[in-house]
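Colleague: Got a predicted model here, sequence first, then my questions.
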Amino acid sequence: DQRSIWGLLTHILREEYGTFQLYSGSDAEKSNMFVVLGLYMQSLAKNCLYVGTAASIMGLYDCFRGFKRDSFGFLLGWMVCFYWFVFHLLANLPLSDPLFLGVQMRFWMQAHMIMIILIVPGVTSLAQHANLPTPSIQKGAAMAMCGCIVVIQFALSYHVADQSHNRFFEEYAEASFKSLPKGAVVLTKGDNTINLMRYLQVCNGYRRDVKLVDQSMMSFGWYVPMQEKYLEGVTFPAKRIWLRKTHAKPPPPFYVFEQFIDANLKVFEAGGSGGLFVCGGWHNVHNVSDVAFHGPKGFKTQPLGMCEKIVRQESFFPTPEDLPALIKENKILGTKKKTSQLPKFPGDLSMYDNFSWERDVWIHTLQAKQRFAHYLLMWAQENNDPAGVLETSINFFRQALEEWPPEQQHKAALVHRSIAIAMARLKNVREQKPQEDANSESIIYHLQRYRELETKLDTSAEVQIQDAFERYPNSAIDIKIEI
């Protein structure tokens, strides 16, 4: 809020997250200080090589030991210690999620910079303690050690640090825009959606006809007064939203999220160009059920490329005559892998660990295929199981599984369950004539993989279904996806 000095202070202090805290989600957590400091030291060792870490700790010790003759070194020492303890006391990211741990690790660069500076006095001190014969030899040994640390780290890290070829995020943002019609209004959620799409608009001048409304930001009282003039064509029923789940009822006039969606859908239903979409899913402040294609009360979503189209609940499933148009709107996903217009992962997957945004965005890309396949399966189940639609659904599920990172297979558990259901329904349509894409052996395999990967949900029903296919592989067994 740039309208007052208090708004500036709120921003500087991060009060909307909690003063000087990093995270405002319901799963925020206070981490064990010793555990977090241990993770920090592991990161420092990796960045400085282990000998560099030892030297920097020696340099930190010298800063405190020689505070009378070197007040600046003493200040550096206190700065890094203050950072270690105060920052980690306030940082409340859920570090059980590798992505959030990666986010916190990026804040460690400030402390790393000081510790790297302290390598020099640390190495000098170690050279002095080694009883080398002359000061010039001590100085030369210290310089050689520092030079070796830099050269070796450069040699070990250059192939990973060189990202000059990496256009993955730009391609991801372009893919998010591609399926959107002209004049679309898009509700965004998450850094990898709003920041990437906004960057393309503001810096590259790409698809400025699309209006981006961030779900997190619109929850603040300053959003509508400050942003409304930049969002021409977006209807805000009042100046402030009431988040019934988390906020006390504000003084009128205010609106609730369902009113915002209804007001903007009416514009498009009356003949306005565009439509209302959500990219990145629903923000938890809006109290939307965490179930596929569910929206605020009275609304659902349909898959549309990397995003989803918001529709009224009664319009969730198109007629058989209109389904080909919906499939065409999702052509960016590609009915075959080679026809996909989705972003290509930049190089070797092993170059990007689970802490990286590349991995997270890649999973979102694969989930777009999973989401479309899931929708087609539900549509087929409601419309007498057309074989062609089930085959397309299975094809998209398989594409997603083929490209899923091995280290994150747990996130693909529901894909295995859904493809097993699609195969079972297709097998019944074909009157038990087993084929490669629908036979009891494949169904049993995917049910077993679901049970192995799913650690939170009850899988007892899947145990019974798997047992039925093992006992009666040639029988018609009707299993359904939840709608």
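Modeller: Everything's here; your move.
Colleague: hey, let's count contacts and neighbours off CA atoms from now on
Modeller: Will do.
Colleague: I'd guessed residue 234 sits against residue 266; true?
Modeller: No: with contacts counted by Cα atoms under 8 Å, residue 234 stays clear of residue 266, the gap being 11.4 Å.
Colleague: Neighbour count: these two, which is higher?
Modeller: Neighbour comparison, residue 234 and residue 266: the larger count goes to residue 234, with 21 against 13 (by other Cα atoms under 10 Å).
Colleague: Could you pull up the residues touching the more buried one?
Modeller: 185, 211, 228, 264 (Cα atoms under 8 Å, 6 or more residues apart in numbering).
Colleague: part of a helix, is it?
Modeller: No: counting by DSSP: H, G, I helix; E, B strand; the rest coil, residue 234 is not part of a helix but coil.
Colleague: In helices, which of the contacts of residue 234 appear?
Modeller: Among the contacts of residue 234, the members falling in helices (DSSP state H) are residue 264.
Colleague: Mind giving me the PyMOL command for buried ones among the contacts of residue 234?
Modeller: The PyMOL selection below is limited to those of the contacts of residue 234 classed as buried (16 or more other Cα atoms under 10 Å):
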select buried, resi 185+211+264
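Colleague: Enumerate the helices of the stretch 1-150 of the chain by residue range, in sequence order.
Modeller: 5-13, 33-65, 71-82, 88-90, 98-107, 109-117, 119-129, 135-161 (DSSP state H, counting those that start in this stretch).
Colleague: For residue 406, find the nearest of those helices.
Modeller: With Cα to Cα as the measure, helix 98-107 is the member of these nearest residue 406 (15.0 Å).
Colleague: list the contacts for residue 288?
Modeller: Going by Cα under 8 Å, 6+ apart, residue 288 touches 282, 294-297.
Colleague: For residue 207, list the residues it contacts.
Modeller: Contacts of residue 207 by Cα under 8 Å, 6+ apart are 177, 200-201.
Colleague: which one of those is nearest residue 437?
Modeller: Closest to residue 437 out of the contacts of residue 207 is residue 177 (32.6 Å), distances taken as Cα to Cα.
Colleague: give the contact list for the closest one.
Modeller: 197, 207.
Colleague: Please identify the helix or strand for it.
Modeller: In the assignment (DSSP states H and E), residue 177 maps to helix 168-178.
Colleague: Give me the mean pLDDT for that helix.
Modeller: Averaging pLDDT along helix 168-178 gives 93.
Colleague: Now do the buried residues in it.
Modeller: Across helix 168-178, burial judged by 16+ other Cα under 10 Å covers 168-169, 171-178.
Colleague: State the distance from the spatially most central residue of the chain to residue 103.
Modeller: With distances taken as Cα atoms, centre = their mean, the residue of the chain nearest its centroid is residue 360 (4.7 Å). The gap separating residue 360 from residue 103 is 12 Å, by Cα to Cα, to the nearest Å.
Colleague: Redo the helices of the stretch 1-150 of the chain as CSV? Include mean pLDDT, mean neighbour count and distance to residue 206.
Modeller: Putting the helices of the stretch 1-150 of the chain into CSV (pLDDT from 0 to 100; neighbours: other Cα atoms under 10 Å; distance: least, Cα to Cα, whole Å) gives the following:
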stretch, mean pLDDT, mean neighbour count, distance to residue 206
helix 5-13, 86, 13, 29
helix 33-65, 89, 18, 37
helix 71-82, 88, 16, 42
helix 88-90, 86, 17, 38
helix 98-107, 88, 16, 28
helix 109-117, 91, 17, 33
helix 119-129, 83, 21, 46
helix 135-161, 86, 14, 28
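Colleague: which stretch among the ones you listed comes nearest residue 425?
Modeller: Of all the helices of the stretch 1-150 of the chain, helix 98-107 sits nearest to residue 425, with 36.7 Å by Cα to Cα.
Colleague: Kindly calculate the angle that that closest one makes with helix 33-65.
Modeller: Angle, helix 98-107 to helix 33-65, by axes from the mean of the first three to the mean of the last three Cα atoms, to 10 degrees: 10 degrees.
Colleague: Using PDB, write out the CA atom coordinates for helix 98-107.
Modeller: What follows is helix 98-107, C-alpha atoms only, in PDB (Å, rounded to 0.1, in the frame of the first residue of the first chain):
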ATOM      1  CA  PRO A  98      12.000 -29.600  -0.400                       C
ATOM      2  CA  LEU A  99      10.800 -26.500  -2.400                       C
ATOM      3  CA  PHE A 100      10.400 -24.400   0.700                       C
ATOM      4  CA  LEU A 101      13.700 -25.600   2.100                       C
ATOM      5  CA  GLY A 102      15.200 -24.400  -1.200                       C
ATOM      6  CA  VAL A 103      13.500 -21.000  -0.700                       C
ATOM      7  CA  GLN A 104      15.000 -20.700   2.800                       C
ATOM      8  CA  MET A 105      18.400 -21.800   1.500                       C
ATOM      9  CA  ARG A 106      18.400 -18.800  -0.900                       C
ATOM     10  CA  PHE A 107      18.200 -16.400   2.100                       C
END
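Colleague: So which residues make contact with that helix?
Modeller: With contacts defined as Cα under 8 Å, 6+ apart, helix 98-107 is touched by 40, 43, 91, 93-95, 354-357, 360.
Colleague: can you rerun that using 10 Å?
Modeller: With contact meaning Cα atoms under 10 Å, 6 or more residues apart in numbering, helix 98-107 is reached by 22-23, 36, 39-40, 43, 87-88, 91-95, 353-357, 359-360.
Colleague: ChimeraX command for the buried members of the residues you listed?
Modeller: Here is the ChimeraX selection string for the buried members of the contacts of helix 98-107, based on 16+ other Cα under 10 Å:
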select :22,23,36,40,43,87,88,91,92,93,94,95,354,355,356,357,359
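Colleague: Give me the distance between the residue nearest to the centre of the chain and residue 92.
Modeller: Distance from residue 360 to residue 92, counting by Cα to Cα: 20 Å.
Colleague: what residues are up against residue 476?
Modeller: 424-425, 427-429, 431-432, 469.
Colleague: Recalculate using a threshold of 6 Å.
Modeller: By Cα atoms under 6 Å, 6 or more residues apart in numbering, the contact list for residue 476 reads residue 428.
Colleague: ok but it is inside a helix, no?
Modeller: No: with three-state DSSP as the criterion, residue 476 is located in coil rather than a helix.
Colleague: quick one, phi/psi of it?
Modeller: phi -80, psi 110 (degrees, to the nearest 10).
Colleague: looking at this structure, which helix or strand is least sure?
Modeller: Using mean pLDDT, DSSP states H and E, the weakest-scoring helix or strand in the chain turns out to be helix 119-129, at a mean of 83.
Colleague: got the angle for that helix vs helix 135-161?
Modeller: Orientation check (the same axes, to 10 degrees): helix 119-129 against helix 135-161 gives 140 degrees.
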